[in-house]
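> Got a sequence here, can you model it:
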Amino acid sequence: MDEEIAAQFRNLGIDVAPVEKEKREFGVEAENVEALMLFLKFRTQWRFEPVGSRLIWIGLDYDAVASTIRMVVTGKKRRRELFEAMREMEGAALPVLNGSSPTKGDEPWR
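Sure thing, here's the model as predicted:
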């Protein structure tokens, strides 16, 4: 979230810190590309709750995730695999979105 968006939230009385976007390159294993690209499509499907003056990210809207996966992925087994991949990425993203770093072995989605 950049400074402009953080300012918009502050105008609403919600205190959020801007996050500087750093350009980092990273590799993605070939078998994970489809799951990552699907996960990135869900950037507007996060649920969050205002708590005091900040936002707490709750997780992805599973109805939207499941519906989209059914529309774009063939095969029940592959759909289940991709849904589980979404949950794993969600679990890794939530601590970061909520202002902390994931701890090794911390699996909030299980």
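
> Pull out the C-alpha coordinates of the lowest-mean-pLDDT helix or strand in the chain and format them as PDB.
Across the helices and strands of the chain, mean confidence by mean pLDDT, DSSP states H and E is lowest for helix 3-11: a mean of 82. The C-alpha trace of helix 3-11 is given here as PDB (Å, rounded to 0.1, in the frame of the first residue of the first chain):
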ATOM      1  CA  GLU A   3       1.300   6.600   0.900                       C
ATOM      2  CA  GLU A   4      -1.600   7.900  -1.200                       C
ATOM      3  CA  ILE A   5      -3.800   4.900  -0.300                       C
ATOM      4  CA  ALA A   6      -2.700   5.100   3.300                       C
ATOM      5  CA  ALA A   7      -3.700   8.800   3.400                       C
ATOM      6  CA  GLN A   8      -7.100   7.800   2.100                       C
ATOM      7  CA  PHE A   9      -7.600   5.300   4.900                       C
ATOM      8  CA  ARG A  10      -6.400   7.900   7.400                       C
ATOM      9  CA  ASN A  11      -9.100  10.300   6.100                       C
END
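
> Using neighbour counts, pick out the buried residues of it.
6, 9 (16 or more other C-beta atoms under 10 Å). C-beta: built from backbone N, CA, C; applies to glycine.

> which helices and strands sit right next to that helix?
Under the contact criterion of 3 or more C-beta pairs under 8 Å, 6 or more residues apart in numbering; DSSP states H and E, helix 3-11 touches no helix or strand at all.
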